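Chemist: I'd like to go over a predicted model; first the sequence, then the structure.
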Amino acid sequence: MAIGLLATITVQEGKNAEFEEVFLNLTEQVRANEAGNIFYALHRSPVDSQVYRVMEQYENQGALEAHGKTEYFLKASAQLADLVARAPEIEVMETVTR
């Protein structure tokens, strides 16, 4: 069963460009290297420019777990930690399909 993930991330004032650069580099790595990733996309809120949402989908729980263990994810997470205002809010969901 496919697994969806929605992460809400609030970025520190003045750190948007750096956050986006690190995150888009991570996105390229995910798309190029993770066969179990269906999509991985960063979105910025039109209401609050400091708030971003990441929409992710994986073929299964194992693919999601593998994503979190990749060297590039761990490196990006360390870089992003200095740019965010607080811990991300993460919701993992079951995909509804026929």
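Modeler: Alright, I've got the coordinates. Given the structure is predicted, the values throughout are model-derived calculations rather than measurements.

Chemist: per-residue confidence for residue 98?
Modeler: In this prediction, residue 98 carries a pLDDT score of 88.

Chemist: residues near it, how many?
Modeler: The local packing count at residue 98 equals 2, with neighbours defined by other Cβ atoms under 10 Å. Bear in mind the C-beta positions are built from the backbone N, C-alpha and C, glycine included.

Chemist: over to residue 93?
Modeler: Residues within reach of residue 93, counting by other Cβ under 10 Å, total 11.

Chemist: that one: which element?
Modeler: Counting by DSSP states H and E, the element that carries residue 93 is strand 89-94.

Chemist: can you tell me what sits against that strand?
Modeler: Surrounding strand 89-94, the residues in contact under the criterion Cβ atoms under 8 Å, 6 or more residues apart in numbering are 1, 2, 3, 4, 5, 6, 7, 8, 64.

Chemist: just say helix, strand or coil for the residue minimising distance to the centre of the chain.
Modeler: Using Cα atoms, centre = their mean, the residue of the chain that lies closest to the mean C-alpha position is residue 54, 4.6 Å off. Here residue 54 takes the strand state, with states given by DSSP: H, G, I helix; E, B strand; the rest coil.

Chemist: verify the contact between it and residue 41 for me.
Modeler: Yes. In this structure residue 54 lies within contact range of residue 41 using Cβ atoms under 8 Å: 7.1 Å.
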